[in-house]
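In: Just to be clear, the model below is a prediction. Sequence and coordinates:
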Amino acid sequence: MADLLLDNQATPTTPASGKAVCYVDSTTERHACKNDTGLVTGTLSRTWSTAAQGAGFSSDTYVTGAGIKVPECGMQVGQVYRWLLTVAKTAAGTDQVDYTIRIGAAQTTADTARWQVTAGVAQAASADSGVLIVTCVVRSVSASGVIAAGVGVAAGGSGFGGGVHAASSSFDNSALGGQYVGLSINAGASAAWTLEHVTGELLA
């Protein structure tokens, strides 16, 4: 049985019309393909944390394991950064939740906030659990690029308040290869959230 051994490499040049080139990205070490339009596709990055986090999130807290590494090619229009968070709360949390998408190298709240929203509905004064989905789409890439994102509850979780979506203010997202797109959450002063596990991925 033959093996196929590929070197990790930088993003290749765009192939000729009707062709595509497959490679392993040198930054994320994930399999990728570049087509004849210059678009890089694949599950370009993955991250996770299997350890429980919390109880906490009563102040702005970076979610451990949420830093999705941007591949060497950088952001491209149509990329989807997505997080799944299995979360439980106590009855103490009743504030509207603040969600922030941060981009930088630190994977902490020191990274720059590029998208910030507050849920339109406050949490219910009851214990609850559910799965939160946060999805971020790259709308444009330039010195004044834009991302658009939303938060929703996939199962259970009515006590976490309402979902929310918005576009970001413009920022330079033209050279972010090797940076991390991550998530921080502030559930309010008396909140006691526990995240059982977190996964994140970049799809294109």
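Out: Everything's here; your move.

In: Going by neighbour count, which residues of the longest strand seen in the chain are buried?
Out: Secondary structure of the chain per DSSP state E: the longest strand is strand 128-140. Counting neighbours by 16 or more other Cβ atoms under 10 Å, one finds that the buried residues in strand 128-140 are 128, 130, 132-139. For glycine as for every other residue, the C-beta is placed from the backbone atoms N, C-alpha and C.

In: Residues touching that strand, excluding its own?
Out: Strand 128-140 is touched from outside by 75-89, 99, 101, 115, 145-160, 167, 173, 181, 183, with contacts defined as Cβ atoms under 8 Å, 6 or more residues apart in numbering.

In: Now the element after that strand, going C-ward?
Out: strand 146-156 (DSSP states H and E).

In: so T64 makes contact with W48?
Out: No - in this structure, T64 is not within contact of W48 by Cβ atoms under 8 Å, at 10.0 Å.

In: ok, back up a step: may I see the buried residues of strand 128-140 organised as JSON lines, with distance to P12 and pLDDT added?
Out: Converted to JSON lines, the buried residues of strand 128-140 look like this (distance: Cβ to Cβ, whole Å; pLDDT from 0 to 100):
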{"residue": "D128", "distance to P12": "48", "pLDDT": "92"}
{"residue": "G130", "distance to P12": "42", "pLDDT": "91"}
{"residue": "L132", "distance to P12": "37", "pLDDT": "93"}
{"residue": "I133", "distance to P12": "33", "pLDDT": "95"}
{"residue": "V134", "distance to P12": "31", "pLDDT": "97"}
{"residue": "T135", "distance to P12": "29", "pLDDT": "97"}
{"residue": "C136", "distance to P12": "26", "pLDDT": "98"}
{"residue": "V137", "distance to P12": "25", "pLDDT": "98"}
{"residue": "V138", "distance to P12": "21", "pLDDT": "98"}
{"residue": "R139", "distance to P12": "26", "pLDDT": "98"}
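
In: so which of the residues you listed comes closest to D7?
Out: Nearest to D7 among the buried residues of strand 128-140: V138, at 27.5 Å, using Cβ to Cβ.

In: any low-confidence regions in this protein?
Out: Scanning the chain with the threshold set as pLDDT under 70 gives 1.

In: how does it look with 90?
Out: 1-7, 54, 92-93, 120, 153-163 (pLDDT under 90).

In: hey, what's in contact with both of T64 and W48?
Out: V198.

In: Could you pull out the helices in this protein for me?
Out: Using DSSP state H, the chain contains no helices.

In: residues in contact with the closest residue in space to A191 that isn't next to it in sequence?
Out: The shortest distance from A191 to any non-neighbouring residue, by Cβ to Cβ, 6 or more residues apart in numbering, is to G93 (3.7 Å). By Cβ under 8 Å, 6+ apart, the contact set of G93 is 123, 187-188, 190-193.

In: For G93, give me phi and psi.
Out: phi -80, psi 120 (degrees, to the nearest 10).

In: what about the closest residue to Y62 other than its chain neighbours, neighbour count?
Out: What sits nearest to Y62 in space, not counting adjacent residues and going by Cβ to Cβ, 6+ apart, is S184, at 4.6 Å. The number of residues packed near S184 is 21, by other Cβ atoms under 10 Å.
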